[in-house]
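Student: here is the input, now give the coordinates:
(3 chains, ligands or ions: 3)
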Amino acid sequence: MAEKFDVIVVGAGMAGNAAAYTAAKAGLKVLQIERGEYPGSKNVQGAILYADAIEKIIPDFRDSAPLERHLIEQRVWVLDDASHVGSNYRSEEFNREPYNRYTIIRAQFDKWFSEQVTKAGGLVICETTVQELLMDGNRVVGVRTDRKNGDVFADCVILADGVNSLLAKKAGFHEELKPKDIALAVKEIHFLPQETIESRFNIGEDEGVVVEMAGKITAGMMGTAFLYTNRESITLGVGCMLSDFKKQKTTPYQLLEQMKAHPSIKPLIAGSEMKEYAAHLIPEGGYEAIPPVYGEGWMIAGDAGMFVNGIHREGSNLAMTAGQIAAETLIDLKAAGKECSARNLKVYRQRLDASFVMKDLKKYRKMPEIFHKSPQFFTTYPELLNRAAHTLVKVDGIDKKTKEREIRGSFLAARSLTGLFGDAFKLWRAFQAR
Amino acid sequence: MSEPVKKPARKKVEVDPRFVNYKHVWVFIEAERGVVHPVSWELLGEGRKLADALGVELAGIVMGPPGERTRAICSEAFHYGADLCYLVQDEVLHDYRNEPYTKALTELVNTYQPEILMLGASTLGRDLAGSVATTLATGLVADCTELVIEAESRNLASTRPTFGGSLLCTIMTQRHRPQMATVRPRVMAMPEPDTSRTGRIVEHKVTLIESSIITKVLEYIPDNLQDKPQLPFADIIVAGGRGLKKQENFQLVWDLAKVLGAEIGASRPIVQAGWAELDRQVGQSGKTVRPKLYIAAGISGAIQHRVGMDGADVIIAINNDPNAPIFDFAHYGIVGNAMQVLPALTDAFRAQIAQARKAG
Amino acid sequence: MHSVVCIKQVPDSAQIRVHPVTNTIMRQGVPAIINPYDLFALEEALRLKDKFGGTVTVITMGPPMAEVALRKCLSFGADDAILVSDRTFAGADTLATSCALASAINKIRENMPVDLIFTGKQTIDGDTAQVGPGIAKRLDYQLLTYVSAIREIDHGNREILVERRAEGGVQVLRTKLPCLITMLEGTNEMRYADMDDMFRAARYPLKLWDRVAAGIENPDVVGLKGSPTVVGKVFAPKPRSKRAEIVETIDNDPKNLAATLLAKVFTQHPKLEREIARLAK
Ligand SMILES: Cc1cc2nc3c(=O)[nH]c(=O)nc-3n(C[C@H](O)[C@H](O)[C@H](O)COP(=O)(O)OP(=O)(O)OC[C@H]3O[C@@H](n4cnc5c(N)ncnc54)[C@H](O)[C@@H]3O)c2cc1C
Ligand SMILES: Cc1cc2nc3c(=O)[nH]c(=O)nc-3n(C[C@H](O)[C@H](O)[C@H](O)COP(=O)(O)OP(=O)(O)OC[C@H]3O[C@@H](n4cnc5c(N)ncnc54)[C@H](O)[C@@H]3O)c2cc1C
Ligand SMILES: Nc1ncnc2c1ncn2[C@@H]1O[C@H](COP(=O)(O)O)[C@@H](O)[C@H]1O
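Tutor: Ligands and ions are numbered 1, 2, ... in the order given. Predicted coordinates:
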């Protein structure tokens, strides 16, 4: 079939849907191809949605999108083997509409997002895998799918096929990802009756909590763990750098099991029904790891382009914005009657750089490296922090001054003064860096 | 019944005036080519209880070609608890066919007006029940696992699994008669036949003309039962589940079964993995069994499996997870690795049997 | 030749969860699939079309989201798809369901006669195997249930020859068209759609029929009103009063465990011991 489209979007995740929707809405002839049985079926469940990105694409998304709970409380825990110190931030601010952060179930959200693409006039084909890009010389002219008569052609192809884009690699746009640039995250969804969740986390209907965790649970590896409350379920997960898993010879699954057994977490999921166990790669390489994002007749968006902010585990919002920008770039070229050559698509990168996508990634560019160089963030410090907290909290007739001295002592014993200051400084710089 | 949960709880509803005179409990006696399906006897056992609860008579419905064999079925029905039998004999009824059987059964119902009509949930029973219920525009509850009379309303409360077996629901036909239900083989216990019992036979003539019946039976190819496992009526079953991990390990189940002269059963994952044929699947989408002894190795006891086997007299479960659901309804349990326990059991039984032999 | 295939979109029951307290179904995240048994019916209809030409129409009664299921059927090669959807259909039992479907199929027949109606053996949610026979009776079609193979179709005499799974054997039946066939599972394997099919399915303007369009004037014959059966309480299966007696020994060595178990079982069930001795040859 020699049918030709303005654009073919590969993937119906956050980036792909944003791109396909934006392009279709502007009247372009859009074909979107998704490998999953339905959009979202292949995607890691349970995530946090940041309103600003989707709002720019679908302003009234709140009216129809399947949103679980809006977040009113953020907990940050540093865990030791059997304890945790943490900070809660809960504010009535977060209860004022319009809310800006929600928990979502990807399977449902992606499905809804894809329906919007169809409504906008995009053609969405599921259960179909793009196997390779069709090239004319160095120019991408379409895609080859795994179905019979599966070649389809377009002026431009947007690769939104997620992390570790096989297509980009096949076409030679990427080289193989380095294990130190990807985190492996595993997630489980634990189902509980709505009331149970609301009483356990002390939240009202539609209100949600996020717990971000670091420390011993990652067994000294660079990584974090998280817990989100959905309407009828709790999303639980932990992610560490692939490289570390290799070194430490543990599996993500083991980590997750330990995590669920941790006295601070166990009661929260007690009596729940575990549904799925999903593993998913997150590109954590940050700014430094971003590959070329456009070329002759193609652009790349979302995880496929390594647009993930490892520190805040944002991704879907960067993915959406990137997808939107890619589509807008295309729309402008079409309007100007220009072809999708690398020279013209350069605008995409420029707009990305001007957007928060690259700004954020740039800002935290040094993060991954620092953490790699300093395992103590995930080993020594959690222990010390917890011990410190314990000593402080314990009432045993020792005056606070002595206690503080004890604590300082223990820190120093564990790591040299310069070491401590060094770490603090490195972190500080990383956060400040512009 | 695709959405039972959505329906509101029932309120008191009177029987439609047209049906006030409908009385008695009926069981359709399913005889394919003169061979009665045991489920019919099981249903008579259940029907007896219902009839007694209602203080009415229990009737067996017997259809077939004219001749001794067909008649003989009636006297068997009496042994299993029927007070009377309605007998329809006609050459046309030689093989089961939907059209004439539906016509005959519908006519019987309209003439003699039963309040309850039960059929086996066999291929024949389901085929017939669906057609008769539609023709009579009455309610039919499939695959019931429990049948009781609701005291105040005298309605039949039929319980059946729903939503892939994860739930049970109780369904009633309040305004219409007869209240129809099908029950799967082996779900109800087989009653002890009482050969001294007798009863009345009511012959009924239905006008059936072969030439006016469109569907013809050209051939009947009986299954050869030798190479087909007969789980439903096995006295001992040794069943294996996913806990056996590897196909080789399923051999351990065969070994024990051989010593016990038992049938081999399996949970669905095992069948899907191709370690055992479909006829060996025990459970909701497989066979329902009622052995004297059921040994389950590496089976979690998911509800869909349980509904197929918890009618067994004695259930022994081997599972390395002390919290496995199967221990909630098994009679005896060994918490341990099936790969070690099974061989041990095989030896123990072998020894036991040898001993019993010597004892004579 | 014109075949109508009845398909139903069902929740993937493998994934259904029950609210521990209210015993209601927690559907969140439970994907909807085409009733697996219906795919055998559809594939059989498509194979007849490949052989004899003609048209295959798929029909379903269900909520608007069932459109996805119909499009999938179109991608496999169905020519037309009809979604019969109306608020008044809610809470239908098999009698009301077959009423709505039969009446809709009658509507289809107004434009094109229907030679064959296919249904699956049963659904995995309703699980009754009654809707097929129900439709056949209402339309006065010959009913062929549990069909394992269609041997031949003689268009001249409008005759069809099938194998039907009966208890303890296989019936070879010959009947006249039109007829309704409920297809046995495992009788065929669903084909794989090519890209053109996918495009066609995605773009096809499928028909949406409400109650009136389906030819049902009287709302009392469908949905909850048209259902003689009424669902009372829904509940979770109760565990046996007594939990299993866990056999243990000090060392918990398999050998001793086995011995202890046998001793227990046989003392408490002497009959069983004799039974086993009898069976073991
Ligand atoms: C454990 C975990 C937790 C996370 N938590 C959050 C969070 O809380 N908040 C947040 O904002 N982000 C979070 N992220 C990141 C976020 O999920 C991703 O950044 C986001 O999904 C990226 O979207 P995408 O469209 O680029 O890729 P994806 O969402 O992965 O979509 C790619 C799609 O392309 C399809 N596809 C792939 N290859 C092909 C092919 N060859 N042919 C056809 N289709 C194909 C896939 O099936 C998939 O549907 C998390 C990630 C993980 C792993
Ligand atoms: C609509 C529907 C119909 C179904 N119909 C059926 C049906 O007819 N029949 C059926 O069986 N299932 C059926 N199922 C599937 C059913 O829900 C369960 O998935 C299935 O019964 C599980 O099989 P299993 O116990 O072998 O495997 P699992 O559930 O995986 O259980 C394996 C068990 O083995 C134990 N184990 C692991 N290792 C060992 C060891 N070394 N030694 C001892 N024990 C060990 C584990 O603790 C676990 O309890 C159906 C499901 C649905 C949704
Ligand atoms: N709502 C429905 N829409 C279309 N077909 C249905 C519907 N319900 C049942 N069927 C068909 O009837 C068959 C038997 O269904 P059931 O009686 O629910 O087991 C199914 O395999 C379908 O082919």
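
Student: remind me which residues of the stretch 101-250 of chain C are low pLDDT?
Tutor: For the stretch 101-250 of chain C, applying pLDDT under 70 flags the ranges C:239-241.

Student: try it again with 80
Tutor: C:236-242 (pLDDT under 80).

Student: what residues does it put near ligand 3?
Tutor: Along the stretch 101-250 of chain C, the residues adjacent to ligand 3 under the rule C-beta under 6 Å from any ligand atom are C:101, C:119-120, C:122-123, C:126-132. (C-beta placed from N, C-alpha, C; glycine too.)

Student: so which strand or helix has A:Leu268?
Tutor: helix A:266-269 (DSSP states H and E).

Student: taking the residues of the stretch 101-250 of chain C next to ligand 3 one by one, which sit in strands?
Tutor: C:119-120 (DSSP state E).

Student: how about the helices in chain B?
Tutor: B:38-54, B:68-79, B:98-112, B:123-136, B:247-260, B:268-272, B:303-309, B:338-359 (DSSP state H).

Student: identify all contacting residues around the longest one.
Tutor: By that I understand helix B:338-359. Contacts to helix B:338-359, defined as C-beta atoms under 8 Å, 6 or more residues apart in numbering or on different chains, come from residues B:240, B:243-245, B:249, B:252-253, B:255-256, B:259-260, B:295, B:297-298, B:318-320, B:334, C:254-255, C:257-259, C:261-262, C:266, C:273, C:276-277, C:280.

Student: tell me if that helix is near ligand 2.
Tutor: Yes. Using C-beta under 6 Å from any ligand atom, helix B:338-359 reaches ligand 2 at B:338-339.

Student: which two of the residues of the stretch 101-250 of chain C next to ligand 3 have the greatest separation?
Tutor: For these, the maximum inter-member distance is 17.1 Å, found between C:Leu101 and C:Asp127 (C-beta to C-beta).

Student: between these two, who's got more neighbours?
Tutor: Neighbour count, other C-beta atoms under 10 Å in any protein chain shown: between C:Leu101 and C:Asp127, C:Leu101 has more, with 27 against 24.

Student: pretty sure that one is in contact with C:Val5, am I right?
Tutor: No. Using C-beta atoms under 8 Å as the test, C:Leu101 is too far from C:Val5 to be in contact (11.3 Å).

Student: anything in contact with each of these two?
Tutor: C:Ile59.

Student: now check stretch C:183-200, is it near chain A?
Tutor: Yes. Judged by C-beta under 8 Å from any C-beta of the partner chain, stretch C:183-200 comes into contact with chain A at C:192-196, C:198-199.

Student: residues of that stretch that come out buried?
Tutor: Neighbour-count burial for stretch C:183-200 flags C:183-185, C:187-188, C:191, C:193-195, C:197-200 (criterion: 16 or more other C-beta atoms under 10 Å in any protein chain shown).

Student: what does stretch A:188-201 give?
Tutor: A:188-194, A:196-198, A:200-201.

Student: can you tell me which of the residues you listed are in helices?
Tutor: Those of the buried residues of stretch A:188-201 lying in helices (DSSP H): A:194, A:196-198, A:200.

Student: just the element for the closest residue to A:Phe245 other than its chain neighbours, please.
Tutor: Excluding the flanking residues, the one nearest A:Phe245 by C-beta to C-beta, 6 or more residues apart in numbering or on different chains is A:Leu184, at 6.1 Å. Element membership for A:Leu184 (DSSP H and E) is strand A:182-191.

Student: what strands line up against that strand, and which way round?
Tutor: If you go by DSSP bridges, strand A:182-191 pairs up with strand A:233-241 (antiparallel), strand A:273-283 (antiparallel).

Student: and the buried residues of stretch A:188-201, which two are furthest apart?
Tutor: A:Glu188 and A:Glu198 (20.2 Å).

Student: any idea how many residues pack against the residue nearest to A:Phe245?
Tutor: Neighbour tally, A:Leu184, other C-beta under 10 Å: 23.

Student: do the same with A:Gly137
Tutor: Neighbours of A:Gly137 (other C-beta under 10 Å): 7.

Student: get me the contact residues on the stretch 201-350 of chain B for ligand 2.
Tutor: Checking the stretch 201-350 of chain B against ligand 2 by C-beta under 6 Å from any ligand atom, the hits are B:241-243, B:267-269, B:281-286, B:298-300, B:302, B:304-305, B:308, B:318-321, B:324, B:337-339.

Student: would stretch A:162-171 count as contacting ligand 1?
Tutor: Yes. Stretch A:162-171 is in contact with ligand 1 by C-beta under 6 Å from any ligand atom, via A:162, A:167.

Student: just the endpoints, please. Distance across that stretch?
Tutor: 15 Å (C-alpha to C-alpha, to the nearest Å).

Student: now the helices: where do they sit in chain C?
Tutor: Using DSSP H, helices in chain C cover C:36-52, C:67-76, C:94-111, C:131-139, C:195-203, C:254-268, C:270-279.

Student: could I get the ones you listed as JSON lines with distance to B:Gln355?
Tutor: Below are the helices of chain C laid out as JSON lines (distance: least, C-beta to C-beta, whole Å):
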{"stretch": "helix C:36-52", "distance to B:Gln355": "50"}
{"stretch": "helix C:67-76", "distance to B:Gln355": "61"}
{"stretch": "helix C:94-111", "distance to B:Gln355": "55"}
{"stretch": "helix C:131-139", "distance to B:Gln355": "55"}
{"stretch": "helix C:195-203", "distance to B:Gln355": "67"}
{"stretch": "helix C:254-268", "distance to B:Gln355": "11"}
{"stretch": "helix C:270-279", "distance to B:Gln355": "9"}
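
Student: identify whichever of those helices lies nearest to A:Arg139.
Tutor: The closest of those to A:Arg139 is helix C:195-203. By C-beta to C-beta, the value is 21.9 Å.

Student: the closest one vs helix C:67-76, what angle?
Tutor: For helix C:195-203 against helix C:67-76, the angle by axes from the mean of the first three to the mean of the last three C-alpha atoms, to 10 degrees is 150 degrees.

Student: who does helix C:195-203 touch, helix- and strand-wise?
Tutor: Packed against helix C:195-203, as judged by 3 or more C-beta pairs under 8 Å, 6 or more residues apart in numbering or on different chains; DSSP states H and E, are the following elements: strand A:123-125, helix C:67-76.
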